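**Q** Give me the fold of what follows.
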Amino acid sequence: MIKKYVGIDVGVNGGIAILDEDRKLQLYSIPKIGTHVDYRELYFIIRHINNVEYVVIEDIHAIFGASAKSTFNFGYIAGMLLGIVISCEYKFELVQPKEWQKEIWTNADKVIKSNKRVDAKATSLLAAKRLFPGEKFLATNISRAPHDGLVDSALLAEYCLRRFHV
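**A** Numbers count the residues shown, from 1 in each chain. Prediction:
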């Protein structure tokens, strides 16, 4: 059986990526009804992944400057994802962004902003295009721009495969 490695980018605009040993990638946006997460569909997606070897969930904390409501919603979604993964009895690990970025990003991927800081979204997109050259990372068939949650979840799945593939 082909083992699968799952990366989950937390948030309303997050994503779920499933990467198998043969490097076949499947991407899912966090499902929504209107502007709210569809938790039943989210459970359905995660529960029906076959042959899961390991799951990596991005471990993010409160975002500086975010409202209390958005911080609460973010934490709520993260808790629901963790509960779903635990209920499925998948092995998992929470990974902070800096940890997976250090493993996945190369110096050639890095995009520097005018303030001399790394542009994380642009850097992740370059890394994802390097690792998955045929993938467009679009949330829907009519989307024009890559979906940040799909990009990050794919990179988390790559990190998961590198870390836990035996």
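**Q** only C-alpha atoms for contact and neighbour calcs from this point on.
**A** Fine.
**Q** pLDDT on stretch 153-166, on average?
**A** Average pLDDT, stretch 153-166: 96.
**Q** What residues sit buried inside it?
**A** Within stretch 153-166, the residues scored as buried using 16 or more other C-alpha atoms under 10 Å are Ser153, Ala154, Leu155, Leu156, Ala157, Glu158, Tyr159, Cys160, Leu161.
**Q** likewise stretch 29-37?
**A** Buried residues in stretch 29-37, defined by neighbour count with 16+ other C-alpha under 10 Å: Ser29, Ile30, Pro31, Val37.
**Q** can you check stretch 61-76 too?
**A** In stretch 61-76, counting by 16+ other C-alpha under 10 Å, buried: Asn73, Phe74, Gly75.
**Q** what's the one helix or strand the first one maps to in contact with?
**A** Meaning Asn73. Take DSSP states H and E as the rule and Asn73 turns out to sit in helix 68-87. The contact list for helix 68-87, computed with C-alpha atoms under 8 Å, 6 or more residues apart in numbering, reads 10-12, 37, 39, 43, 46-47, 55, 57, 61-63, 92.
**Q** to the chain's geometric centre, what's the distance from it?
**A** The chain centroid and the centroid of helix 68-87 are separated by 14 Å, computed with C-alpha atoms, centre = their mean, to the nearest Å.
**Q** Now find how far off-centre the helix or strand just after it is within its chain.
**A** Following helix 68-87 in sequence order, the next helix or strand is strand 92-95 (DSSP H and E). Taking the mean of its C-alpha atoms, strand 92-95 sits 12 Å from the chain's own mean (C-alpha atoms, centre = their mean).
**Q** my read: Thr106 touches Ala127, true?
**A** Yes. Here Thr106 reaches Ala127: they are 7.4 Å apart, a contact under C-alpha atoms under 8 Å.
**Q** Settle it for me: which of those two has more neighbours?
**A** For Thr106 and Ala127, the more surrounded residue by other C-alpha atoms under 10 Å is Ala127, and the numbers stand at 23 against 14.
**Q** lowest average confidence, helix or strand, in the protein?
**A** Lowest by mean pLDDT, DSSP states H and E among the helices and strands of the chain is helix 68-87, with a mean of 89.
**Q** Can I get that one in PDB, CA atoms only?
**A** This file holds the C-alpha atoms of helix 68-87, laid out as PDB (Å, rounded to 0.1, in the frame of the first residue of the first chain):
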ATOM      1  CA  ALA A  68      -9.900  39.000  19.500                       C
ATOM      2  CA  LYS A  69     -12.700  37.600  17.300                       C
ATOM      3  CA  SER A  70     -10.400  36.500  14.500                       C
ATOM      4  CA  THR A  71      -7.900  35.100  17.000                       C
ATOM      5  CA  PHE A  72     -10.700  33.100  18.700                       C
ATOM      6  CA  ASN A  73     -12.000  31.800  15.300                       C
ATOM      7  CA  PHE A  74      -8.400  30.800  14.300                       C
ATOM      8  CA  GLY A  75      -7.900  28.900  17.500                       C
ATOM      9  CA  TYR A  76     -11.300  27.300  17.200                       C
ATOM     10  CA  ILE A  77     -10.500  26.000  13.700                       C
ATOM     11  CA  ALA A  78      -7.100  24.700  14.900                       C
ATOM     12  CA  GLY A  79      -8.800  22.900  17.800                       C
ATOM     13  CA  MET A  80     -11.400  21.300  15.500                       C
ATOM     14  CA  LEU A  81      -8.600  20.100  13.100                       C
ATOM     15  CA  LEU A  82      -6.700  18.600  15.900                       C
ATOM     16  CA  GLY A  83      -9.800  16.900  17.300                       C
ATOM     17  CA  ILE A  84     -10.600  15.500  13.800                       C
ATOM     18  CA  VAL A  85      -7.100  14.100  13.400                       C
ATOM     19  CA  ILE A  86      -7.100  12.600  16.900                       C
ATOM     20  CA  SER A  87     -10.500  11.000  16.300                       C
END
